[in-house]
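> structural data only, the sequence is not supplied:
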DNA sequence: ATGGCATGACAATCATGA
């Protein structure tokens, strides 16, 4: 069976406010695994029944006012979640920025990277530390899981072409050398930026400021990403930004990113490295 | 000019975002 699998990430900037848009989006788009950031909800007030009613099982880690992440699984299309974790084991952190689970033999990691506020601030140092801890943890996860996807709001524009005005943003938060070095550190684990596996339109962004008509003027940044392990990059057939979400009434300031995977045979999940190597010759 | 929105907590402004 070769049914395509679609993975998405969207920073909703308050799930309470964006729930109607999310429900409508889930009804019109075929997405199977949906990572959300900035839910800004405690776990008690997570709208799990509403999402269950449209066919999604929810896993979430939230807090009052800030942060909060969730993964939604379309239960008729993907297997039940296993090995759910709701924090980075190595980091003692009250901020809810990470949730991970395994479905369909895929380790799905949903992350809301710290913003960093301004270069050199305490929050900036926390951001770099958080990225470093995530990277170390992912190294171990990749050793255990061939198929791994890291989705989320990275709060990093990796390259000049991901920024509407690279000169204006040079060295600024989201674009600083150390943040970009952190992003490259994730790629160095073997992960691929799914969006850049394909030819893309120029000025493709995922975030636009609410102010100054930034969206209409195409003044954005590409800071939401889907990174795929080699086994998943190999079967990725598309990666697109859903800008329609940003065009709506009372939108989130982020658009969603959606990747499509050819749903490979399950035997590939546990293919030993030696065998994969042999197949190359 | 470090603002201009938007969101949430809280009750007039303030913290935070990116």
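Everything's here; your move. Everything quoted here is computed from the prediction, not taken from an experiment.
> which element is residue A:57 on?
In the assignment (DSSP states H and E), residue A:57 maps to strand A:56-61.
> can you give me the end-to-end span of stretch A:234-247?
Counting by C-alpha to C-alpha, to the nearest Å, you get 32 Å between the two ends of stretch A:234-247.
> ok, now which ones touch residue A:117?
Applying C-beta atoms under 8 Å, 6 or more residues apart in numbering to residue A:117 gives the contacts A:123, A:124, A:173. Placement of C-beta: from N, CA and C, glycine included.
> that's a strand at it, yeah?
No: counting by DSSP: H, G, I helix; E, B strand; the rest coil, residue A:117 falls outside a strand, being coil.
> check residue A:268 and give its pLDDT.
With respect to pLDDT, residue A:268 has a value of 44.
> list the buried ones in the lengthiest helix in chain A?
When chain A is parsed with DSSP state H, its longest helix is helix A:122-144. Neighbour-count burial for helix A:122-144, counted by 16 or more other C-beta atoms under 10 Å, picks out A:124, A:126, A:127, A:128, A:130, A:131, A:133, A:134, A:137, A:138, A:141, A:142.
> of those residues, list those near DNA strand B.
By C-beta under 7 Å from any atom of the strand, no member of those lies near DNA strand B.
> and the stretch 51-200 of chain A, which of its residues are near DNA strand B?
When proximity is defined as C-beta under 7 Å from any atom of the strand, the stretch 51-200 of chain A approaches DNA strand B at A:64, A:65, A:66, A:114, A:115, A:117, A:118, A:123, A:153, A:155, A:173, A:174.
> considering those residues, which possesses the most neighbours?
Counting neighbours by other C-beta atoms under 10 Å, residue A:153 leads these with 28 neighbours.
> report the beta-bridge partners for that residue.
Residue A:153 has these beta-bridge partners by DSSP bridges: residue A:112, residue A:224.
> pretty sure it sits against residue A:112.
Yes: under the criterion of C-beta atoms under 8 Å, residue A:153 is in contact with residue A:112, at a separation of 5.3 Å.
> which neighbours do those two share?
Counting by C-beta under 8 Å, 6+ apart, the contacts common to residue A:153 and residue A:112 are A:11, A:37, A:38.
> so what's the residue in the stretch 101-250 of chain A positioned nearest to DNA strand B closest to, chain neighbours aside?
Of all residues in the stretch 101-250 of chain A, residue A:115 sits closest to DNA strand B, at 3.4 Å by C-beta to the nearest atom of the strand. Nearest non-adjacent residue to residue A:115, counting by C-beta to C-beta, 6 or more residues apart in numbering: residue A:155, 5.2 Å away.
> ok so, going back, which other helices and strands does the strand holding residue A:57 contact?
Counting by 3 or more C-beta pairs under 8 Å, 6 or more residues apart in numbering; DSSP states H and E, the packing neighbours recorded for strand A:56-61 are helix A:48-53, strand A:69-74, strand A:98-103.
> of the ones you listed, which is nearest residue A:215?
strand A:69-74 (24.3 Å; C-beta to C-beta).
> quick one: strands adjacent to the closest one?
strand A:33-37 (antiparallel), strand A:56-61 (antiparallel).
> redo these as JSON lines? Include mean neighbour count and mean pLDDT.
Conversion of the strands paired with strand A:69-74 to JSON lines gives the following (neighbours: other C-beta atoms under 10 Å; pLDDT from 0 to 100):
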{"stretch": "strand A:33-37", "mean neighbour count": "28", "mean pLDDT": "98"}
{"stretch": "strand A:56-61", "mean neighbour count": "21", "mean pLDDT": "98"}
